[in-house]
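*Asks:* Just a sequence and a predicted model for now, questions to come.
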Amino acid sequence: MTYISSTDALRQLMRAQDKGAYIVKISPKDNTLSNGVEYCYVGLKCKDGTNLPMSSNNRIVSIVDDDLGITMFFHEALRTIAGITIFTFTDPVLALEHFQVNGYAYVLVISDFKMPSLNGMELLKKIKESNRFVRTILMTAFTIDDNLFQEYTKKRIINRYLQKPIGLHDLIKEVNTQLDCYEVQKKYPS
């Protein structure tokens, strides 16, 4: 789980314990950052097995890219947006596992196209199959000229496409647009 600081992580876990919740490890193994720090992804569950509710001002946005530098750079940029919790993943399978545990709180998934084991279009399709309201952005440094991409765009599996390199101002503007679209879509589902 990505937190702004270890203090934020402890604060969230203490709140969870006060509500009778427990931590669920959702990554299949511990991971190690390039600086040697080990981590794993977690979710929070209530004693009855249901997901720990998050407040409406704590909506989840995830960034999925196999390049750690990009995920961290985007994370820092998006921290300026109030009311969201940002998760970063370099492994799309772990991102999908996190979504499966916490999908009720997700509002936006930003995914790179070319990644090992599960490409961005496949990831976004699985996410939309689970929660149609989640907004999705596909990003890539490559040109996509593909019938499947066109189909996913028409079916609204992919809500927006961004070409790398992406300016931080453009990223923040697009994320805010997608957050607004999410709220409208939840209020007036079609």
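*Replies:* Noted; the coordinates are in hand.
*Asks:* what does stretch 111-126 rub up against?
*Replies:* 64-67, 70, 91-93, 95-96, 109, 136-140, 142, 144, 148-149, 152, 157-158 (C-beta atoms under 8 Å, 6 or more residues apart in numbering). Where C-beta positions appear, they are placed from N, C-alpha and C, glycine not excepted.
*Asks:* Now a ChimeraX select for only the buried ones of the residues you listed.
*Replies:* To isolate the buried members of the contacts of stretch 111-126 in ChimeraX, using 16 or more other C-beta atoms under 10 Å:
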select :64,65,66,70,91,92,95,96,109,136,137,138,139,140,144,149,152,157,158
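*Asks:* out of the contacts of stretch 111-126, which are inside helices?
*Replies:* 70, 92-93, 95-96, 148-149, 152 (DSSP state H).
*Asks:* Which one of the residues you listed is nearest to A105?
*Replies:* Closest to A105 out of the ones in helices among the contacts of stretch 111-126 is A95 (14.2 Å), distances taken as C-beta to C-beta.
*Asks:* My understanding was that that closest one contacts I60; is that so?
*Replies:* No - assessed by C-beta atoms under 8 Å, A95 is found out of contact with I60, at 11.1 Å.
*Asks:* So for these two, which residues contact both of them?
*Replies:* Residues within reach of A95 and of I60 at once, by C-beta under 8 Å, 6+ apart, are F87.
*Asks:* before we move on, the earlier item: and the ones in helices among the contacts of stretch 111-126, which two are furthest apart?
*Replies:* Maximum pairwise distance in these, criterion C-beta to C-beta, is 23.6 Å, between I70 and L148.
*Asks:* Tell me the buried residues in the top helix by length along the chain?
*Replies:* Ranked by residue count, the top helix of the chain under DSSP H comes out as helix 168-187. For helix 168-187, the neighbour count (16+ other C-beta under 10 Å) marks 171, 174-175, 178-179, 181-182, 185 as buried.
*Asks:* Which strands and helices lie in contact with that helix?
*Replies:* Under the contact definition 3 or more C-beta pairs under 8 Å, 6 or more residues apart in numbering; DSSP states H and E, helix 168-187 sits against strand 59-64, helix 68-78, strand 106-112, strand 135-140, strand 160-163.
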